[in-house]
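In: starting from these lines, generate the structure:
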Amino acid sequence: MPTWSEILAELVRSQAQTGIAQFDAIRRKYLVKTYEATHRNVILYASKWTQPGAGVSPELVSIVDEDIQGLMEVVHGLSGPNLDLILHSPGGSAEAAEAFVAYLRSKFDHIRVIVPQMAMSAATMIACAADAIVLGKHSFLGPIDPQFVMSTALGTRMAPAQAILEQFEQAKTECIDPAKMGAWLPMLGQYGPDLLIQCKNACEMSRSLVKDWLMTYMFRGDPNRENKASGIADWLSDHAQFKSHGRHIPRSEVARRGLLVEDLEQNQLTQDLFLSVFHATTHTFSGTAAVKIIENHLGKAFIKQAHPLGGPIPVQPPSEQSPQAPPEHP
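Out: Numbering: from 1, shown residues only. Sure, this is the predicted structure:
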């Protein structure tokens, strides 16, 4: 099956033949081939967030409530109890992720989440609601500790909820010394009257959602499911351990912690197909105004654009492209 550069060459040929690069047709061709190989419904959920110079507003590429409309579009017409969800996302709203999971779980009995590169934050939470997670050597999940948007004197920034709580506890200890009070007052002034409670609630919600989903789906039937689920939820939500919300957690660590992981490389055909869908998707993001694609193997799609298309963007032959490409097929 084609690699990243071979799919690019396929797009170049399509442009030479028709005058327009056939981004949608080529991407959908590989979605169909994936369904024919697995005999499982296939839904792609991907956004433009890992490509250099993307310059896209976070709201456009994150998991948001609008995604339910997209899921409704692509679930309509699918039959059968099984779903393969190809997921590439930086995360987003935990509340939206909860709705995302509730809707898909009302429609499908068995869900595999395939991560062709990264599923972070709330996308990791969604992966934990699967029966199994399919990861390659180059695939990563991320911590699920919630983040808060803070307006500060230096501008708007993201801050981990757990770090806000820890900073407040440190301030209480150090402000016993009046000499240190002056240094803390500017920082403490950023806290609204309900911020600490919001932080505690957000941390508990993300943890409890993951624990409940693991118990209900991945570990159902396991007599030790509560202990397993609780341990994994505690681990994924521990900002103090990961130090960064953007920390990349590799497949080996995900499996070592007890999540049910299937190796992408165990089946050469499906590995090639899943990655071909992903490569074709990244080319779509590079060559069009699309920033989020929700699509099924029947060709039904909900595509979010950063701005109205003024016309197709010509694709260049592989030799003229930037060398920064997604991971090739191992």
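In: which residue ranges of the stretch 151-300 of the chain form strands?
Out: 155-160, 249-250, 261-263, 290-296 (DSSP state E, counting those that start in this stretch).
In: show me what counts as buried in the third one.
Out: In this case it means strand 261-263. By neighbour count on 16 or more other C-beta atoms under 10 Å, the buried set for strand 261-263 is 261, 262. Heads up, the C-betas are built off the backbone N, CA and C, glycines and all.
In: which secondary structure elements does it contact?
Out: Under the contact criterion of 3 or more C-beta pairs under 8 Å, 6 or more residues apart in numbering; DSSP states H and E, strand 261-263 touches strand 132-135, helix 251-256.
In: any idea which of those is most buried?
Out: Among the helices and strands packed on strand 261-263, judged by mean count of other C-beta atoms under 10 Å, the one packed with the most neighbours on average is strand 132-135 (a mean of 24).
In: which stretches of the stretch 151-300 of the chain have low pLDDT?
Out: 151-159, 162, 166, 169, 172, 181-182, 184-193 (pLDDT under 70).
In: rebuild the helices and strands packed on strand 261-263 as CSV, extending it with distance to residue 13.
Out: Listed next are the helices and strands packed on strand 261-263 as CSV, based on distance: least, C-beta to C-beta, whole Å:
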stretch, distance to residue 13
strand 132-135, 30
helix 251-256, 34
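In: for the ones you listed, which one sits closest to residue 55?
Out: Closest to residue 55 of the helices and strands packed on strand 261-263 is strand 132-135 (C-beta to C-beta; 28.6 Å).
In: and residue 94, which of the strands of the stretch 151-300 of the chain is closest to it?
Out: Per C-beta to C-beta, nearest to residue 94 of the strands of the stretch 151-300 of the chain: strand 155-160, 13.5 Å.
In: report the contact partners of the residue nearest to the spatial centre of the chain.
Out: When the chain is reduced to its mean C-alpha position, the nearest residue by C-alpha atoms, centre = their mean turns out to be residue 89, at 2.5 Å. Shown in contact with residue 89 (C-beta atoms under 8 Å, 6 or more residues apart in numbering): 45-47, 49, 61-63, 118-120, 122-123, 126.
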